[in-house]
Every structure is written in structure tokens, then in C-alpha cells.
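> sequence? don't have it. structure:
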């Protein structure tokens, strides 16, 4: 019995360690994604689409109802859902917004936008698919408005931080009103930002190039057009060259070099040089 209890305890500890490791890995991936997220300050048309964090949860809920009512009828925008939105409710709102307005069409598969996909017999699998969809929606919406939304998937799935979750609804409505296209989001995903704000941050002036050096000739003039200064420079260069010690070159007696095969050429050269040196010493 004790052995079984010990084995069960070890198994429980192993599973807990695996869960902790997965959570830490997910947190690192989220941090890396946030750090690599391109920074865009404006939408496609140059307008500022960033969403301010609400002062309170009540204010966030009222803003959500005001922004979403013109676009969707289902699911109902009731306070009891928006004050602590369940993950399935967030999914339904996002799917309704996409289907009703055409926002982000093409970024999701037909199966992802079909509510029946998330009503399978396996509840754990349904929960996993919902989390994947919401994570993608947060990423695409962040790119659409040019702001990394401060929303964490674990908080969304637990129903906490509802104030920040409502910011996703605000951002969706802003993106629809600004008519942000799917192609614009795809360009931002690939790192090619078409927004005017992004273009304005680039320096349009040409990069300075290194000056090209050239030798002066006797007919050249200096930068001020003074021919005499140019000639003075030439004279100085000539005097400098004359002052440098000349490199002594060995004298060769060409007659001492006989015609030999190519592989014996170096040996014949050294023999002739040695003979010449001996003659000079005599």
C-alpha cells in the first residue's frame, strides 16, 4: 500500500511539473511574441486606432455595448456576460463580428468561423480550440489597430481581467469602422507596413556616400578653383616620393640563364643571381 501511495505521489508530482513547465514555456512564447510584434501607430488610412484602457469595468462594458450594437444582435450584449465574459461568449462575439462585417475574412478557415466546430463531444478539445481561436483574434486585431492588446489567454479562459477583455471588443469595432482590410493585416504580418505613419518614420534622404578619391593631374584645380594650389600639391607629392628610399633590385646577368624546362625555372634564376653576386664581389 505504501509503495502504491509513493508511486501515486510521484506520478502526481511529475504531472504537476509538466503542467508548470508548459505554463512557463507558454509565458516565454507570449513574451517573445510581444517583443517581436511590429509597432504601428496608425491604421491603414493614417488614423489612430489605438484603444485606451478603460477606467473601470463598468465603463468598459458601456463602451462595448455602444460600439458593438450597430454590428451584431447575437450573442446578446448583456451586462451579466460582459462583466465576466466566458470564453465561449468571447468566441461567439468575435465570430459574429467577422461574419457580419467581413473583418479578417480569409485569415480564418471556414471551420474556425463555424460555431459547430466548438461543440464536439470532447470538452477539453473544445476548450483548446476556443483558446487557439481567441489567441489568433487577439494577434490579428492588435495588428489591425496598431497596438498590442494587453490580454493574456489564461486570464481570458478563466474569465478574469474582464476589463482588458472588453478592450478586444473595442478594438474589433474600431477596426471595422476604419475598414481595415485583410490584405493590410497580412502585410503587417509579413513585416511590410503600408500605413502612412510607418512610411513617415523612414528617412527619405539619401544615405551619404564616401567621397571618391582621385589623383590630381597638372591641369586640375582645387575645390576653390585655384590651379596654383593644385600644382603645389602635385609638387609636394613628387618631392615626397623622391625622398622615399628606393627598393634595391638585384642585377641579373641574363646570359647566365639558360633555357630550361618550366619546373627548373626557379633553380636557374637563383643560380644566375648567385653567379652575378660572386662576379660583383670579385
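Arrived safely, thanks for sending. This structure is a prediction, so every number in the text was calculated from the model and none was measured. Residues are numbered from 1 along each chain as shown.
> pLDDT weak spots in this structure?
26-27, 29-47, 192-231, 233-235, 238-282 (pLDDT under 70).
> hey, where'd the helices end up in this structure?
2-36, 57-68, 79-82, 87-101, 123-145, 153-158, 162-177, 182-189, 196-201, 227-243, 265-281 (DSSP state H).
> between the first one and helix 123-145, how big is the angle?
Looking back up the chat, that one is helix 2-36. 20 degrees (axes from the mean of the first three to the mean of the last three Cα atoms, to 10 degrees).
> and helix 2-36, what does it pack onto?
Counting contacts by 3 or more Cβ pairs under 8 Å, 6 or more residues apart in numbering; DSSP states H and E, helix 2-36 is packed against helix 153-158. C-beta: built from backbone N, CA, C; applies to glycine.
> Relative to residue 115, which of the helices of the chain is closest?
helix 87-101 (6.3 Å; Cβ to Cβ).
> buried ones in the closest one?
By neighbour count on 16 or more other Cβ atoms under 10 Å, the buried set for helix 87-101 is 87, 89-98, 101.
> who touches it?
Residues outside helix 87-101 that contact it (Cβ atoms under 8 Å, 6 or more residues apart in numbering) are 68, 71-72, 74-75, 81, 85, 103-105, 108, 113, 115, 118, 127, 130-131, 133-134, 137, 156-157, 159, 165, 168-169, 172-173, 176.
> Determine the angle, from 0 to 180 degrees, between that helix and helix 123-145.
50 degrees.
> Start at 675, not 1
Okay, residue one is now 675; in that scheme the one you just asked about reads as helix 761-775.
> what about residue 702, how many residues close to it?
Neighbourhood size, residue 702 [other Cβ atoms under 10 Å]: 10.
> My error: substitute residue 824 in the last question.
15.
> And for the one 5 residues further on?
A total of 14 residues lie near residue 829 under the criterion other Cβ under 10 Å.
> What residues does the nearest residue to it once chain neighbours are set aside make contact with?
Distances taken as Cβ to Cβ, 6 or more residues apart in numbering place residue 835 nearest to residue 829, at 4.1 Å, with adjacent residues excluded. By Cβ under 8 Å, 6+ apart, residue 835 lies in contact with 825-826, 829.
> Alright, that wraps it up for me.
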